[in-house]
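J.: just to be clear, the model below is a prediction. Sequence and coordinates:
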Number of protein chains: 2
Amino acid sequence: MNPLVVEVAATDGAARCGRVLTPRGSYQIPAFMPVGTRGSVKGLDSADLEGLGAEVVLANTYHLMLRPGAEVVAALGGLHRFTGWTGHTLTDSGGFQVHSLRPKVDDDGVTFASVYDGAATRLTPEKAVEIQGLIGADIQMVLDVCASLPATPEVLRLAVDRTTAWAARARAHHDRIEARPEGQALFGIVQGGTDVVLRSESATRTVELEFDGYGIGGLSVGEPRAQMLEALEATVPLLPMDRPRYLMGVGDPVGLLESIALGVDQFDCVAPTRAARHGSMWTSTGRVNLRNAQYARDTGPVDPACPCPTCARWSRGYLRHLLAVGEPTAWRLLSIHNLTFVLGLMGEARSAIASGRLDDLRARTAEIWDR
Amino acid sequence: MNPLVVEVAATDGAARCGRVLTPRGSYQIPAFMPVGTRGSVKGLDSADLEGLGAEVVLANTYHLMLRPGAEVVAALGGLHRFTGWTGHTLTDSGGFQVHSLRPKVDDDGVTFASVYDGAATRLTPEKAVEIQGLIGADIQMVLDVCASLPATPEVLRLAVDRTTAWAARARAHHDRIEARPEGQALFGIVQGGTDVVLRSESATRTVELEFDGYGIGGLSVGEPRAQMLEALEATVPLLPMDRPRYLMGVGDPVGLLESIALGVDQFDCVAPTRAARHGSMWTSTGRVNLRNAQYARDTGPVDPACPCPTCARWSRGYLRHLLAVGEPTAWRLLSIHNLTFVLGLMGEARSAIASGRLDDLRARTAEIWDR
C-alpha cells in the first residue's frame, strides 16, 4: 500500500496543485521544504516554522548520522520529537553531501571522511535506509550517486547504473527492516546529469522499482537553467501521476516556478536561508542587499509588501546593524523573511495553477528576478 | 520634577517591592534587566523579551556609539523604535566597558581604542550624556571611573573623586541638552570599591547632586560576595527612599537575593545569557551543565519545574545536540530558559517581600546555589 497519495486539485499545463495525503495528515503542493541541516533550520526553531506555515522540513542524514548519531535521534524519540516539529519531515540520504567530499565510490557503497573528526565513514544503500529508519522522517531518500557537472558520458552512465542498482537494494531493504516508522515513504532518485536520453532512462528504470515518490537529483549544480529545465522535461512526464515529484536543491524564484510549470511538486534548498544570513533579502521587487550602506538609516521594512513578523516590526537599518555586528538575531529574523517570501511564492503558485494563470506569475517573476 | 517615582508596595527588612512609575508607564521592582549589548539580547528579539515578561532592557552605550553610531540610532527613531521594544530601556555610560580596555583617564575624560577598528575614541561626562541622549533610553547613566579590584586606597580615592566630579558635570549637561527624550532619567553612580568609608562618602556626595536614581558600580568584579554585601550595606541606607537603586553587573541567584535584602531595586547582568550560550543552565535544582555526556539521550526538559517555551517543547538531548554542533538556535532557546529563571526569581522575590518571607527564599536559594 502506498503511504503517499497525490490528490490533484487543479492543473495548468503540466503544473499541478493539490495535496499529498500522508499517514501524518497532508501537505500542500507545490511545496517548498526549508532545510534543517542539523535538526534546526539555522537560527530558527520548530515554533518559528509553524509560524511560517511550513509543512515539510528537510533534515540532512549526513550531518545527523555523525552528530548526534542516528541512534541518539532514535533514543530521543525520532526526528519529530527530537526537533519538536509536528509537521512533515524528509531526510536526504546523505548522497549529495558525501559526493561533495570526493569520496571513494565502489559498486557496493561509498567511503568518506567525517567533516567533524576525519573518521572514515561507510555508507551503503542498506545502511542509508537503516540510518534514515532510525532518524524516522516521514519520507526517506535512497542513496544515490550524484555526478558533478560537467561530467563525461562515462561518469554519468556509471552514476545512473549505480544509482539504479542501489535504488533496488534500498527498496528491498526498506521493505525488510522494522526499525523505522510505520508508513515511512521511500523516494527513488532520478540521475543522468543534463543528458536527456540518460535522464529518460534513469526515470524509467527508477519508476520500475515502484517508489512512493521520486526525487530528481544532480541538477542545479552549476549548469545553465535551460539545461536543467530540458533535463526536467525529459524526466517528469515519465514519472507516475499519482506520486510526488521532488526536485532536489532548487529554491530560486524563477527556478521554482519554471520547474512547477513542468510538473514538479516539491523542492528543498538552503539558498533562501543562506542568502538571508548574508543580508541578501528576497522581496516582491527583487533582491535587496541589506549590507549596502544606503540602508543604514532606512526606517522602512525589508519589504513593505511582506506579511512576515520581521517586516512588521523591524527596520532595514536595525536589521542591517545586527547583521553588520554579527548578532545571531539577524540570521533568524532575516531567514524568517526569506522563507516567508519563498513559502508565499509557493502559495501564489498554487493559486495561479488553480485559476489557470501560472504563466502570468512566471512572467512577472522572471521580469523581476531575471532582469 | 523627578521622572521616576518609586511606589513601594511592601517592605521586608530593608528589602522593598513595588513599582517604579515612569513617563512610559511603570516597571516592577525588584527588577532584573536583560542585557541587549548591541541592540539585541544575544540571539533574542524584542518579541522574545515580551514573551519573557522583561520590563527593562539594557543596551551598551560603548557598543552602540561605535556601531552603528548614536546618530544612526537616533535617525532610526531612537533605541525603542530601533529595537522594536516598547518596554523600558536603560543605557550604561560606557564607563565599565571602557575601563576594561585599560584606557587613558584624565580629569576631563577618557581615551580608548575602539574594539572594532582600534580608532582612538574620546569620552567625557558631557559626551556620554549627549550620546545617551541620542540613543534615547528611558534611563541613562553618568560616566564613571570604575577601578579594578583589588585597588590601592589612592586609586579608589581618585576613582571616587573623578566619578563625583564627572557626575556633577553630567547632571548639569543633561539638564542643558535638548537632543534627548523628554523625561529621560539620569542616574548617578556610587563607587568606592570595597572600602566602606569611601562607599559612604561616594553615596553621600552623589546623592547631593540629586539624581533620578542611583547606580552602585564597581562591585561584582571578582571580590568575595561578603565584601560586596558590606559595601552595599554601607551604601544603600544613604540613598533616598524615593529613588530606584540599581546594582550594576550582578545576576547570580544568591547575589540577587542578598542584594535585594539590603534594599536594591534593580539589576543587570550578562551572566544568565552568557551561561546559557555555554550550556550552563540555571534551574530550580541548581546548575545543569548541558554539555555533559549524560544528557545526550535525555528526553526530559532542562527543568521540569520551568514554565518557559524551551522547557515545554524541547529535550535536554536535543538542546545539547544543537549546542554541541554550534547551532545558533541553541543560544536563543537556552537564553530564553535562563532569563525565565532569573525573571521568575525576581517574581518570587517580589512575592516573598510582599508576604514577609524573603528570608525563607534567601535560605532556600542559598542552599541550592551555595552548596
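T.: Structure's in. What do you need? Numbering: from 1, shown residues only, chains lettered A, B, ... in the order given.
J.: what residues does the stretch 51-200 of chain A have near chain B?
T.: Within the stretch 51-200 of chain A, the positions lying close to chain B (CB under 8 Å from any CB of the partner chain) are A:His63, A:Arg67, A:Pro68, A:Val72, A:Ala75, A:Leu76, A:Gly77, A:Arg81, A:Phe82, A:Thr83, A:Gly84. Glycine gets a C-beta too; all of them are placed from N, C-alpha and C.
J.: most neighbours out of the residues you listed, which is it?
T.: Neighbour counts for those peak at A:Thr83, which has 29 neighbours (criterion: other CB atoms under 10 Å in any protein chain shown).
J.: wait, doesn't that one sit right on B:Leu319?
T.: No. When contacts are counted by CB atoms under 8 Å, A:Thr83 is not listed as touching B:Leu319 (11.0 Å).
J.: per-residue pLDDT, A:Ala15?
T.: You'll see A:Ala15 listed with a pLDDT of 98.
J.: phi, psi of it?
T.: When read as degrees, to the nearest 10, the backbone of A:Ala15 gives phi -70, psi 150.
J.: check contacts around it.
T.: Contacts for A:Ala15 were tallied using CB atoms under 8 Å, 6 or more residues apart in numbering or on different chains; they are A:Pro30, A:Ile260, A:Ala261, A:Leu262, A:Gly263, A:Ala349, A:Ile353, A:Leu358.
J.: what's the spacing between the first one and chain B?
T.: Note on A:Pro30: its distance to chain B, by CB to the nearest CB, to the nearest Å, is 27 Å.
J.: kindly report the same for the second one.
T.: Spatial separation of A:Ile260 from chain B under the definition CB to the nearest CB is 30 Å.
J.: does A:Tyr27 lie in a helix or a strand, and which?
T.: Using DSSP states H and E, A:Tyr27 sits within strand A:25-29.
J.: so what's A:Glu130 up against?
T.: For A:Glu130, counting by CB under 8 Å, 6+ apart, the contacting residues are A:Ala70, A:His173, A:Ile177, A:Ala179.
J.: pull out the buried residues from the residues you listed.
T.: Buried by 16 or more other CB atoms under 10 Å in any protein chain shown: A:Ala70, A:His173, out of the contacts of A:Glu130.
J.: which one of the contacts of A:Ala15 is nearest B:Arg225?
T.: Set against B:Arg225, the nearest of the contacts of A:Ala15 by CB to CB is A:Pro30 (60.8 Å).
J.: surely the closest one and A:Met346 touch.
T.: Yes. Assessed by CB under 8 Å, A:Pro30 is found in contact with A:Met346 at 5.4 Å.
J.: what does the stretch 251-371 of chain A have sitting close to chain B?
T.: Within reach of chain B by CB under 8 Å from any CB, the stretch 251-371 of chain A has these residues: A:296-297, A:299, A:309, A:313-315, A:317-318, A:320-322, A:324-325, A:327-329, A:331-333.
J.: ok, back up a step: can I get the contacts of A:Glu130 in JSON lines with secondary structure, pLDDT and distance to A:Leu256?
T.: Putting these into JSON lines (DSSP: H, G, I helix; E, B strand; the rest coil; pLDDT from 0 to 100; distance: CB to CB, whole Å) gives the following:
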{"residue": "A:Ala70", "secondary structure": "helix", "pLDDT": "98", "distance to A:Leu256": "31"}
{"residue": "A:His173", "secondary structure": "helix", "pLDDT": "98", "distance to A:Leu256": "33"}
{"residue": "A:Ile177", "secondary structure": "coil", "pLDDT": "97", "distance to A:Leu256": "34"}
{"residue": "A:Ala179", "secondary structure": "coil", "pLDDT": "96", "distance to A:Leu256": "35"}
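J.: from the contacts of A:Glu130, pick the one nearest chain B.
T.: A:Ala70 (12.2 Å; CB to the nearest CB).
J.: distance of that closest one relative to A:Gln132?
T.: To A:Gln132, A:Ala70 is 8 Å away according to CB to CB, to the nearest Å.
J.: what of A:Thr285?
T.: Taking CB to CB, one finds A:Thr285 at 40 Å from A:Gln132.
J.: more crowded one of those two?
T.: Shown here are A:Thr285 and A:Gln132; by other CB under 10 Å, A:Gln132 has more neighbours (31 against 9).
J.: that one sits in which helix or strand?
T.: Using DSSP H and E, A:Gln132 falls in helix A:125-135.
J.: dump that helix to CSV, restricted to CA.
T.: Taking Å, rounded to 0.1, in the frame of the first residue of the first chain, the C-alpha atoms of helix A:125-135 are listed here in CSV:
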residue,chain,number,x,y,z
PRO,A,125,22.2,1.8,0.2
GLU,A,126,21.2,-0.5,3.0
LYS,A,127,23.0,1.5,5.7
ALA,A,128,21.4,4.7,4.4
VAL,A,129,18.0,3.1,4.7
GLU,A,130,18.7,1.9,8.2
ILE,A,131,20.0,5.2,9.4
GLN,A,132,17.0,7.0,7.9
GLY,A,133,14.8,4.4,9.5
LEU,A,134,16.3,5.3,12.9
ILE,A,135,16.0,9.0,12.3
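J.: so the lengthiest helix in chain A versus helix B:328-354, what angle?
T.: Longest helix in chain A, counting residues (DSSP state H): helix A:328-354. Between the axes of helix A:328-354 and helix B:328-354, defined by axes from the mean of the first three to the mean of the last three CA atoms, to 10 degrees, the angle is 120 degrees.
J.: touching the helix or strand that helix A:328-354 is followed by from outside, list them.
T.: For helix A:328-354, the following helix or strand on the C-terminal side (DSSP H and E) is helix A:358-369. For helix A:358-369, contacts defined as CB under 8 Å, 6+ apart pick out A:12-13, A:15, A:252-254, A:257-258, A:260-261, A:284-287, A:345, A:348-349, A:352.
J.: got CSV for the contacts of A:Ala15, with distance to B:Gly95 too?
T.: Formatted as CSV, the contacts of A:Ala15 follow (distance: CB to CB, whole Å):
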residue, distance to B:Gly95
A:Pro30, 57
A:Ile260, 58
A:Ala261, 62
A:Leu262, 64
A:Gly263, 65
A:Ala349, 56
A:Ile353, 62
A:Leu358, 62
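J.: would you show me how to pick out the buried ones of those in ChimeraX?
T.: The buried residues among the contacts of A:Ala15 can be selected in ChimeraX (16+ other CB under 10 Å) with this line:
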select /A:30,260,261,262,263,349,353,358
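J.: what is the nearest of the contacts of A:Ala15 to chain B?
T.: Closest to chain B, out of all of the contacts of A:Ala15 and judged by CB to the nearest CB, is A:Pro30, at 27.0 Å.
J.: quick one, what contacts the closest one?
T.: A:Ala15, A:Cys17, A:Leu256, A:Ile260, A:Val264, A:Asp265, A:Gln266, A:Phe267, A:Met346, A:Ala349, A:Arg350, A:Ile353.
J.: wait, is the fifth one part of a strand?
T.: Looking back up the chat, that one is A:Val264. No. Applying DSSP: H, G, I helix; E, B strand; the rest coil, one finds A:Val264 to be coil, outside a strand.
J.: check contacts around it.
T.: Contact analysis of A:Val264 by CB under 8 Å, 6+ apart lists A:Pro30, A:Ile216, A:Leu232, A:Val236, A:Arg245, A:Tyr246, A:Leu247.
J.: now, those that are in helices?
T.: If you go by DSSP H, the contacts of A:Val264 have A:Leu232 in helices.
J.: and the contacts of A:Val264, which of them are in strands?
T.: With DSSP state E as the criterion, strands contain A:Ile216, A:Arg245, A:Tyr246, A:Leu247 from among the contacts of A:Val264.
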